[in-house]
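Chemist: Please find the sequence and the predicted model below.
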Amino acid sequence: MKITVMKFGGTSVADPEKIQRAAERAIAERRKGYAVVVVVSAPGEMTDELIALAERVTETPDDRELDQLVTTGEQVGISLFAMACIARGAPAVSLTGPQAGIDAVGGAGRAQVSRIRTRNILRHLKAGRIVAVAGFQGLAPNGDTATLGRGGSDLTAVALASALKTGRCEIFSDVKGVYTADPRIVYEARKLPRISFEEMLELAGAGAQVMQARSMEVAERFKVKIHVRSAFHPQAGTWIVAQEDLMLEKAFVSSLALDKSEVRLTVVGVPDQPGVAATVLGALAEDGIPVDMIIQSAPSHLGVNDMSFMTPKGFALKAKKALEAVARKLRAERVDLNDQVAKVSAVGTGFRHSPKIAATMFSALAAHKINIHMISASDLRVSCVVDLGSGEAALRALHKAYGLGKGRR
């Protein structure tokens with residue numbers, strides 16, 4: 001049995017007409033002789049609307065109950081999708097994450113897929129049905145339905161493609177593929193025909209919204225090729241593949257990302273002593289707060305330094321509270337929070353052996369009088385934190401400086 005896994009994001013099923021169009025795509029794939037599994041997100045902005053509804057009831061919704069609420073969005077999506085298929089003469093069935101055999105572990109809102117029991121899905125596929133699976137959710141050990149974090153439908157689709165041994169996964173959204181930069185900000189951005197798992201993982205971690213970072217980790221581990229394409233246009237999209245599948249040598253910088261979703265936290269006046277960093281980071285880890293770009297300044301003549309972190313805006317107040325408790329314990333001066341920052345990143349290959357990549361970034365930003373607050377680098381990525389108001393200008397300046405415009409390779 002040849003199986004295809006397709007995933008439709010929220011914008012692809014935002015209204016009845018788009019749901020019908022997505023159903024027609026799945027039916028067309030079935031006519032080619034494939035058994036079809038479709039992962040469906042909540043229609044449109046339904047997840048955000050449900051969260052906003054919860055916050056109107058209480059400023060601090062219970063994590064477990066919030067999970068129970070937001071998973072209903074995907075249930076709406078899969079039911080309507082299955083109805084659209086059936087109305088067109090194609091047998092179909094909708095399954096929630098738990099009904100599809102997706103087991104998850106971890107806390108509410110950030111659960112991880114532990115395994116997928118494919119028996120129920122395969123039973124429906126063998127009966128000739130299109131199987132619409134709710135993305136973003138799985139069955140926790142205590143019997144609750146737990147969500148997989150923002151972008152979790154990507155993870156559902158890639159995990160299903162791995163469990164069903166399809167070798168590939170089709171991701172349909174409102175974008176035509178992966179671009180050298182966000183085309184809504186950089187007019188000259190061009191669509192990439194291919195990009196490696198490693199580069200896409202860095203892009204996702206840098207704030208690009210095309211794919212969830214955790215889904216890239218699974219895709220790379222189990223060698224699931226991913227085809228990112230538009231749900232509204234027939235053109236070919238972007239293939240995300242293993243590095244060895246990229247037959248032609250690429251330019252060092254392949255793409256740029258701009259992330260406006262994080263804040264910068266700084267613990268000022270931390271004693272320059274062994275174990276202090278572990279104490280600070282341990283407090284954040286204990287509360288499940290993700291951090292990025294950890295920077296520690298050189299010690300001053302007073303024997304203290306500053307420690308800065310980036311964390312998602314949703315964790316800002318929780319992180320500040322945790323750090324203030326640590327600051328009092330360590331007798332640090334204070335904790336600063338800056339939510340008017342943006343992170344711009346260049347992603348590619350071979351950065352470690354080419355200092356010109358970072359030098360080009362710094363020169364381009366300096367030429368546009370854009371101040372840099374923080375810097376981090378790896379073999380695949382260089383990131384700078386700048387003022388929020390300078391983020392889009394920085395992205396456009398770097399796109400030009402690296403020669404990533406249309407008509408260039």
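Modeler: Here it is on my side, so go on. Since we're looking at a predicted model, the values are computed, not measured.
Chemist: got any ranges where the stretch 201-350 of the chain has weak pLDDT?
Modeler: Scanning the stretch 201-350 of the chain for pLDDT under 70 picks out the ranges 244-251.
Chemist: Can you read off the backbone torsions of the residue lying closest to R129 once chain neighbours are set aside?
Modeler: Closest residue in space to R129, ignoring its immediate chain neighbours: P91 at 4.6 Å, by CB to CB, 6 or more residues apart in numbering. No exception for glycine: its C-beta is placed from N, CA and C like everyone else's. P91 adopts backbone torsions of phi -60, psi 140, taken as degrees, to the nearest 10.
Chemist: The nearest residue to I51 once chain neighbours are set aside and S196, how far apart?
Modeler: Setting aside the residues directly before and after it, I51 is nearest to V70 in space (CB to CB, 6+ apart), at 6.5 Å. Using CB to CB, to the nearest Å, V70 is found at 32 Å from S196.
Chemist: Check P43 too.
Modeler: P43 sits 32 Å away from S196, taking CB to CB as the criterion.
Chemist: can you check F252 too?
Modeler: Distance, F252 to S196, using CB to CB: 13 Å.
Chemist: Show me whatever sits in contact with both of those two.
Modeler: Shared contacts of F252 and S196, defined by CB atoms under 8 Å, 6 or more residues apart in numbering, are found at T349.
Chemist: of the two, who's got more company?
Modeler: S196 (24 against 16; other CB atoms under 10 Å).
Chemist: Return the backbone torsion pair for the more buried one.
Modeler: Dihedral pair for S196: phi -80, psi 160, per degrees, to the nearest 10.
Chemist: Find the nearest non-adjacent residue to it, please.
Modeler: Closest to S196 by CB to CB, 6+ apart is Q243, at 4.4 Å.
Chemist: Can you list the strands that the helix or strand hosting V382 pairs with?
Modeler: Taking DSSP states H and E as the definition, one finds V382 inside strand 381-387. Here strand 381-387 has these sheet partners by DSSP bridges: strand 341-348 (antiparallel), strand 372-377 (antiparallel).
Chemist: Of all the residues in the last one, which ones are buried?
Modeler: Neighbour counts using 16 or more other CB atoms under 10 Å place 372-374, 376-377 of strand 372-377 among the buried residues.
Chemist: closest to D387 among those?
Modeler: If you rank the buried residues of strand 372-377 by distance to D387 using CB to CB, H373 comes first, at 7.7 Å.
Chemist: Chain neighbours aside, what residue packs nearest to the closest one?
Modeler: V385 (4.4 Å).
Chemist: List the beta-bridge partners for that neighbour.
Modeler: Beta-bridge partners of V385, as defined by DSSP bridges: K343, M374.
Chemist: Now for it: which residues touch it?
Modeler: V385 neighbours (CB under 8 Å, 6+ apart): 264, 293, 310, 341-343, 372-375.
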